[in-house]
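# Provide a 3D model corresponding to the input given below.
(2 chains)
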Amino acid sequence: MAAISKAGRVAVGRIRVALIGCNHRTAPVELRERVSFTQQQALDAAGELRRQGILEEAVVLSTCNRSELYGVPGESGSAITETMEDFLTSFHRIPRADLEGKFYRWVGRDAVQHLYRVAAGLDSMMLGEAEILGQLRSAYSQALDHGVTGPVLNRVFQGAIEVGKRVRSETEVGARPMSVALAGVKLAERVFGNLKGHVALIVGAGAVAEQVVEQLRGRGIGNLQVVNRSYDRAADLAGRIGGRAVAWESLETVLGQPDIIVTSAGGTGPVLTRAMLERSIAARGGRPVFVVDLGVPRNVDAAAAGLYNLYLYNIDDLGEIVEQNKKARESEIPRAETIIAEHVAKFEAWRATLEAGSIVDDLRDRFHKHRQLLLEEKLKGMPDASPEERQRIARITEELIDRVLDQPSERLRNGRSMRGRLAAVEALRHLFGLDEDAE
Amino acid sequence: MTHDLVYLGLALYVASFACYARILYVPNVWIGRLATLLLAGGIVAQYFELLERSHWIHSVPYDDLYGSMSLFAWLLALTYLGLEFFHRQRSVGAFVTLLLVVWIAALHLFVPIDPVAHPPAGGALFALHVTLNTCAYAAFGLSFVLSIVFLGQDRLLHSRRLGATFWRFPALDVLDRMARSSVWIGLSTLCVGVILGLLWGHRLNGTYDLGDPKVIITLVILCAYVAYLRLSRAARWRGARAALLCAFNFLVVLFSYTFVNLYFTRFHRFF
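Reported below is the predicted structural model:
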């Protein structure tokens, strides 16, 4: 039976969230490609699931690393995830066998917990990455705009967004740079603060250097200069990044200008010697220089590290920092899990309150049915009873039911312990066979 | 006079320090706000303590060493609070509040709290002279804290051993600018304070007593901080060396504030 009707009224049955999906851990990229959704497909699929009555609410979350289908089932049958999988395979026209062992299926608390872990970045390929929260928010807001969500998924997804924000602001899970390029730029920011208006020199045109350039551009670096042994390659890179190409022979001439130097040139000996950098710092009036040496073999003379106001980091230093940061992020997982558990409990409490109201109504309906049957049966054997007496008996039995249900109803709605309320709801379902009725 | 407000102020500063220290390891917006709130509470408590003290001794609160040092701590806290609001940066808070706590605790332990009755030095000129000079010392105290943080961050960057808190502190450039701003505030207020003091002395005695050790050491402090401002933009000093000089200068300030005031000067002695 429906968990929550389309009008939003709580109806008979449990409030359950179901999830099927795959991610980078469970499925290879070939399969992830086949089950991914475009933005429009995601909305179409959610709409179709509702039209077919499989789900009453649906949200599809599809990124390069995961495809997940969240929903509130319209039927509380145990095979809801299988029905969702059937829909998914027919939607993408792929054989069911291809999903075998590659898809996860969660229902109820586990599904909510999974979504919260996704929002927190704990389920991401790069632990704590921030992009997923934006993708999740976007998937949810589009589903909301198209009217395919409902009170339950609204609650769950809003909770997930809150979890994502809290985990990022209260823990270190997403705080420190996790790539060599980003680590280099973040360190430069530790020296100069805002990089706007600063000058950067790129020596060599290696792939990692380009990543650093991307990060620098993202932070609004004022002036980018590129120098390479091949002037054409320097001009090519400078053209792409909106910088200025400098001839290799002029390297020492321009060395006094940059605040940040990124090197990734080939060759055997150091490109920048201690003496060259000493002269460059002197030419800058002693202002600090941050040097990122990404070359292997190293492009910067190691002895330059001792120069006053020169900060030199080579690729191993940055790699070590990334490794430390990775460990630091991992050590924050328990704190993130605590936040997740707190929000899952909040959702469960909300669910328990709604279900408590729902179950009392179910019980009342059931008792009234029994009362009606019993009255009909017993009053047959009382032919002398006048209509007034019959009405009186009916009123008394109605009042009896109301009185009997008054206390449990109050306790279920306002009980202090969420666990206790949930346990009571489960016990009532079991004792009065309400799930059997629903199915 | 009861000591309740002293203990309340100290307790609030300790709690504020605990919160500031906590957010260095575990970032939390609410704990950060609580730290600021507790600091503000400490400032308010200390303000009323200074006010109560003034009523009690029927004079300005800085008439003795205890009151003067207490005023210094209050101005330091107030200056930092302003700086925190201006820069939206709480990471230095732990160091400033630690200095406050140590300062007030030491004050309470080693300096007699009860003032000795003596004819109070009065007049608006004198009040302004002392307040401005104390404010200058507070600004120098703040630049000391910022310089120490600068030196720590610089050391970590050079050693490449970046700890958990490294990423939370302001950039070296920001710390340098904050320290310089503090020194500028300190120098400006000290200059005006010294001039007012000399004028007040002249009005009182008819002479400018430039030979007093307190005046001499204050001129040394002025020169030291002017040198810092100049050297911090010179090629060979810019950065860590300048920060070290700034930190050292504050030791001279402390010497002037305690030993000179207590044992050497004639006109600035705390009774």
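# okay, CA-based contacts and neighbour counts for the rest of this
Will do.
# What is the helix or strand bottoming out on mean pLDDT in chain B packed up against?
Ranking every helix and strand in chain B by mean pLDDT, DSSP states H and E puts helix B:65-87 at the bottom, with a mean of 86. Judged by 3 or more CA pairs under 8 Å, 6 or more residues apart in numbering or on different chains; DSSP states H and E, the packing partners of helix B:65-87 are helix B:29-57, helix B:93-110, helix B:124-159.
# Need the pLDDT of residue 247.
Picking chain A for this. The model reports A:Ala247 with a pLDDT of 92.
# I was after chain B.
We have a pLDDT of 96 for B:Ala247.
# what's the helix or strand for it?
Assigned by DSSP states H and E, B:Ala247 belongs to helix B:240-255.
# Around chain B, which positions in chain A sit nearby?
Where proximity means CA under 8 Å from any CA of the partner chain, the interface of chain A facing chain B comprises A:169-172, A:176, A:189-193, A:282, A:284-288, A:309, A:311-313, A:317, A:321, A:328.
# So which of these belong to strands?
Members of the residues of chain A next to chain B lying in strands (criterion: DSSP state E): A:311-313.
# Tell me which residues touch the residue of the stretch 151-271 of chain B found nearest chain A, please.
Closest contact between the stretch 151-271 of chain B and chain A, by CA to the nearest CA, is at B:Ala235 (3.8 Å). Applying CA atoms under 8 Å, 6 or more residues apart in numbering or on different chains to B:Ala235 gives the contacts A:282, A:284-287.
# how about 6 Å then?
With contact taken as CA atoms under 6 Å, 6 or more residues apart in numbering or on different chains, B:Ala235 is in contact with A:285-286.
# And it, how close does it get to B:Ser143?
Distance of B:Ala235 to B:Ser143, computed by CA to CA, to the nearest Å: 21 Å.
# again, but for B:Arg161
Distance, B:Arg161 to B:Ser143, using CA to CA: 25 Å.
# So between those two, which is more surrounded?
B:Ser143 (29 against 14; other CA atoms under 10 Å in any protein chain shown).
# and the least confident helix or strand of chain B with helix B:29-57, angle?
Following axes from the mean of the first three to the mean of the last three CA atoms, to 10 degrees, one obtains 150 degrees for the angle between helix B:65-87 and helix B:29-57.
# Backbone dihedrals for residue 185, please?
By default, I'm working from chain A. With angles defined as degrees, to the nearest 10, A:Val185 sits at phi -70, psi -40.
# who touches the residue of chain A found nearest chain B in this structure?
Scanning chain A for proximity to chain B using CA to the nearest CA identifies A:Gly286 as nearest, at 3.8 Å. Shown in contact with A:Gly286 (CA under 6 Å, 6+ apart): B:Ala235.
# where does it land on pLDDT?
On the pLDDT scale, A:Gly286 is placed at 90.
# Ok, A:Thr149 next?
pLDDT, read off for A:Thr149, is 92.
# re earlier: please check the residues of chain A next to chain B and keep the buried ones.
Listed as buried from the residues of chain A next to chain B are A:169-172, A:176, A:189-193, A:284, A:286-288, A:309, A:311-313, A:317, A:321, A:328; burial here means 16 or more other CA atoms under 10 Å in any protein chain shown.
# Low-confidence bits of the stretch 1-150 of chain B, can you list those?
Along the stretch 1-150 of chain B, the model assigns pLDDT under 70 to residues B:1-2, B:63, B:114-122.
# near chain A, which residues of it?
Remark: the part of the stretch 1-150 of chain B in contact with chain A comprises B:27-28, using CA under 6 Å from any CA of the partner chain.
# Got phi/psi on B:Gly206?
According to degrees, to the nearest 10, B:Gly206 has phi 80, psi 10.
# that older thread, hey, which of the helices and strands packed on helix B:65-87 is tucked in deepest?
Across those, the average number of neighbours (mean count of other CA atoms under 10 Å in any protein chain shown) peaks for helix B:124-159, which reaches a mean of 22.
# which helices and strands sit right next to the very next helix or strand once past that one?
In the C-terminal direction, the helix or strand that comes right after helix B:124-159 (DSSP H and E) is helix B:172-205. Here helix B:172-205 is seen to pack against helix A:180-192, helix B:124-159 when contacts are counted using 3 or more CA pairs under 6 Å, 6 or more residues apart in numbering or on different chains; DSSP states H and E.
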